[in-house]
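*Asks:* Sequence below, structure please.
(chains A, B, C and D)
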Protein chains: 2
Amino acid sequence: MSHTYEYPRPALTVDCVVFGQDEDDLKVLLIQRGVEPFAGRWALPGGFVRMDESLDAAARRELEEEAGIRPAHMEQLYTFGAPDRDPRGRIVTVAYFALVKLSDHRLHAATDAREAAWFSVWDTPKLAFDHADILATALQRLKGKVRYQPIGFELLPPKFTLTQLQRLYEIILERPLDKRNFRKKILAMDLLEELDEVEQDVSHRAARLYRFDHKKYKQLEKAGFNFEL
Amino acid sequence: MSHTYEYPRPALTVDCVVFGQDEDDLKVLLIQRGVEPFAGRWALPGGFVRMDESLDAAARRELEEEAGIRPAHMEQLYTFGAPDRDPRGRIVTVAYFALVKLSDHRLHAATDAREAAWFSVWDTPKLAFDHADILATALQRLKGKVRYQPIGFELLPPKFTLTQLQRLYEIILERPLDKRNFRKKILAMDLLEELDEVEQDVSHRAARLYRFDHKKYKQLEKAGFNFEL
DNA sequence: ACGGCATAGTGTCCAACGCACACCCGGGTC
DNA sequence: GACCCGGGTGTGCGTTGGACACTATGCCGT
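*Replies:* Numbering: from 1, shown residues only, chains lettered A, B, ... in the order given. Okay, here's the model as predicted:
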């Protein structure tokens, strides 16, 4: 079955930059290509947009299909449409930016026959197409956004310690933060619920666990409150 | 001549939200549609992306063709792709955001046979397609961006008074600013060149003219300086 | 020439915030 | 019980943001 149009059309794909935090590293999800072009190279997960689905839906579907991932946070990043960005012809791609809790998506073997794996964002293999540009754009967005919107929490498990949170910010922003000032500021926002629980199985004093209060944040946001690290 | 593909493809367009400042009003450029669907309705300028041009180039070309406009500032805004956003079928559009000096683009009759006109952004006619959503997104972007990047200057003539600049910010941000604090802050950045010229033809004390120093801004930017109103 | 009018231009004070900084605490290990 | 490892806490200072009101200048009308 084929499809005919009066004027030529670019093909339209979505590609997803999925970030996860692991220990002291920021990871990005990549998939090894099985076919030409760029067979064997690593690339961002993605694929063609179907005629009856929105762009967001296409991005979610591809992530589910290719890596079994349902991200907590996802937003459109940028649309890349240089005429020569794909050797197969004119293909325009809408890039998405997603955050997942790595704890939810530990080791997963290739769900879609292809190999999927997490790489440090500071040390990725050579990527297919213009995916290195897309990744760079996504990193820039993450760095810029994390200071003004509480999206960092989407990378952490539901219960976390303040030190974990601080480490996350330090990794993303690539600079050290002062412990006392960080805690003062984040607690002053009154967005964290202090739990009656502490870390388990650590060989030192256990830290208190906190949970991000999404409801409270939405309320404060409506009232004109601005999150700012 | 027709074009055939193995899988169906959405059509791809660009649409431009062009802002201009006029006196005490923020204007947006609209074009009256001549054909169905939405014949007679006002819409954002835009059109189909050609196979050999980048998305940015398509946006610039459409603006030139439909309104004879070459904007000083232009950036990609967001891509809108709801399956039902166009009654003709699946059409995905990459929206752009542009700023022009209205002084450069005064009254221009319809360049492309169609009628083009400036409307107050607070009082537009009912727009075709999902263009009202696109406009709202663009306004939000403008409001957010103007405080952290010196793009406001692209809306003013090359030489302007501090009062004009302040009015512009007040219009965009929709709130009054304090004159002394505004001047203090903007001059402290050392980005404005104080000219040996004053306004002409005013029936009161003439204000000094200033010019934005793009070169100096680029230097400071490299040195880690952050513009912030 | 004089007065009136419209906008230009200018400085201080106070409160809030950002940031630098160091020590004791608690729990586990050996 | 000594030690090791991170957890948890408060103060002080310099900077910044924001409120606030009067004099200066030039044109116009009489």
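*Asks:* for A:Glu62, helix, strand, or coil?
*Replies:* Classification of A:Glu62 using DSSP: H, G, I helix; E, B strand; the rest coil returns helix.
*Asks:* how many neighbours does it have?
*Replies:* Neighbour count for A:Glu62, taken as other Cβ atoms under 10 Å in any protein chain shown: 24. C-beta coordinates here come from the backbone N, C-alpha and C atoms, glycine included.
*Asks:* Can you give me the separation between it and DNA strand D?
*Replies:* 37 Å (Cβ to the nearest atom of the strand, to the nearest Å).
*Asks:* quick one: contacts for A:Pro87?
*Replies:* A:Pro37 (Cβ atoms under 8 Å, 6 or more residues apart in numbering or on different chains).
*Asks:* Helix or strand: which one has it?
*Replies:* Using DSSP states H and E, A:Pro87 sits within no helix or strand.
*Asks:* Show me the contact partners of the longest helix seen in chain A.
*Replies:* Counting by DSSP state H, the longest helix found in chain A is helix A:131-146. Helix A:131-146 has contacts (Cβ under 8 Å, 6+ apart) with A:15, A:17, A:19, A:28, A:43-44, A:77-78, A:80, A:93, A:95, A:97, A:121, A:124, A:126-127, A:151-152, A:169, A:172-174, A:229.
*Asks:* what do you get for stretch A:195-211?
*Replies:* A:158-163, A:165, A:192-194.
*Asks:* before we move on, the earlier item: hmm, the helix or strand just after the longest helix of chain A in reach of DNA strand D?
*Replies:* Under the assignment DSSP H and E, the closest C-terminal helix or strand after helix A:131-146 is strand A:159-160. No. Judged by Cβ under 7 Å from any atom of the strand, strand A:159-160 makes no contact with DNA strand D; its nearest approach is 10.5 Å.
*Asks:* Determine the set of other helices and strands touching strand A:159-160.
*Replies:* strand A:208-212 (3 or more Cβ pairs under 8 Å, 6 or more residues apart in numbering or on different chains; DSSP states H and E).
*Asks:* ok, and for the next helix or strand after the strand it packs on, which residues are buried?
*Replies:* Sequence-wise, the next helix or strand downstream of strand A:208-212 (DSSP H and E) is helix A:214-222. Neighbour-count burial for helix A:214-222 flags A:217, A:220 (criterion: 16 or more other Cβ atoms under 10 Å in any protein chain shown).
*Asks:* how about helix A:214-222 against chain B, any contact?
*Replies:* No. Helix A:214-222 stays clear of chain B (Cβ under 8 Å from any Cβ of the partner chain), getting no nearer than 14.4 Å.
*Asks:* And the residue nearest to A:Val49 when sequence neighbours are not counted, what's its pLDDT?
*Replies:* Spatial nearest neighbour of A:Val49, excluding adjacent residues (Cβ to Cβ, 6 or more residues apart in numbering or on different chains): A:Ala58 at 4.3 Å. According to the predicted model, the pLDDT of A:Ala58 comes to 98.
*Asks:* Helix, strand, or coil at A:Ala58?
*Replies:* Per three-state DSSP, A:Ala58 ends up helix.
*Asks:* what's near enough to touch it?
*Replies:* Counting by Cβ under 8 Å, 6+ apart, A:Ala58 makes contact with A:14, A:47-50.
*Asks:* For A:Arg208, the count of nearby residues, please.
*Replies:* A:Arg208 - counted by other Cβ under 10 Å - has 13 other residues nearby.
*Asks:* Show me the beta-bridge partners of it.
*Replies:* A:Val198 (DSSP bridges).
*Asks:* Okay, buried residues for stretch A:206-214 please.
*Replies:* A:209-213.
*Asks:* which of these lies closest to DNA strand C?
*Replies:* Nearest to DNA strand C among these, counting by Cβ to the nearest atom of the strand, is A:Leu209 at 13.7 Å.
*Asks:* picking that back up, would you list the contacts of A:Ala58 in a markdown table and tack on neighbour count, secondary structure and distance to DNA strand D?
*Replies:* What follows is the contacts of A:Ala58, written out as a markdown table (neighbours: other Cβ atoms under 10 Å in any protein chain shown; DSSP: H, G, I helix; E, B strand; the rest coil; distance: Cβ to the nearest atom of the strand, whole Å):
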| residue | neighbour count | secondary structure | distance to DNA strand D |
| --- | --- | --- | --- |
| A:Val14 | 28 | strand | 39 |
| A:Gly47 | 18 | strand | 41 |
| A:Phe48 | 16 | strand | 45 |
| A:Val49 | 27 | coil | 43 |
| A:Arg50 | 16 | coil | 46 |
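*Asks:* Can you lay out these as a markdown table showing distance to B:Glu115 and pLDDT?
*Replies:* Converted to a markdown table, the contacts of A:Ala58 look like this (distance: Cβ to Cβ, whole Å; pLDDT from 0 to 100):
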| residue | distance to B:Glu115 | pLDDT |
| --- | --- | --- |
| A:Val14 | 36 | 98 |
| A:Gly47 | 41 | 97 |
| A:Phe48 | 38 | 98 |
| A:Val49 | 34 | 98 |
| A:Arg50 | 37 | 98 |
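*Asks:* ok, back up a step: average pLDDT across the longest helix of chain A?
*Replies:* Helix A:131-146 comes out with an average pLDDT of 97.
*Asks:* residues of that helix that come out buried?
*Replies:* Taking 16+ other Cβ under 10 Å as the criterion, helix A:131-146 shows A:131, A:134-135, A:137-139, A:141-142, A:146 as buried.
*Asks:* on that earlier part again, which of the contacts of stretch A:195-211 has the largest number of neighbours?
*Replies:* A:Phe160 (23 neighbours).
*Asks:* do you know how far that one is from A:Arg211?
*Replies:* A:Phe160 is 8 Å from A:Arg211, where distance means Cβ to Cβ, to the nearest Å.
*Asks:* can you check A:Arg9 too?
*Replies:* When A:Arg9 is compared with A:Arg211 (using Cβ to Cβ), they lie 47 Å apart.
*Asks:* repeat for A:Leu220
*Replies:* 16 Å.
*Asks:* wait, A:Arg60 sits on A:Met74?
*Replies:* Yes. With contact defined as Cβ atoms under 8 Å, A:Arg60 counts as touching A:Met74 (6.9 Å).
*Asks:* per-residue pLDDT, the closest residue to DNA strand C within chain A?
*Replies:* Going by Cβ to the nearest atom of the strand, DNA strand C is nearest to A:Arg205 of chain A, at 3.4 Å. Listed pLDDT for A:Arg205 reads 96.
*Asks:* Quick one: end-to-end length of stretch A:84-97, please.
*Replies:* End-to-end distance of stretch A:84-97: 23 Å, with Cα to Cα, to the nearest Å as the criterion.
*Asks:* Okay, now the unreliable bits of chain A?
*Replies:* A:106-113 (pLDDT under 70).
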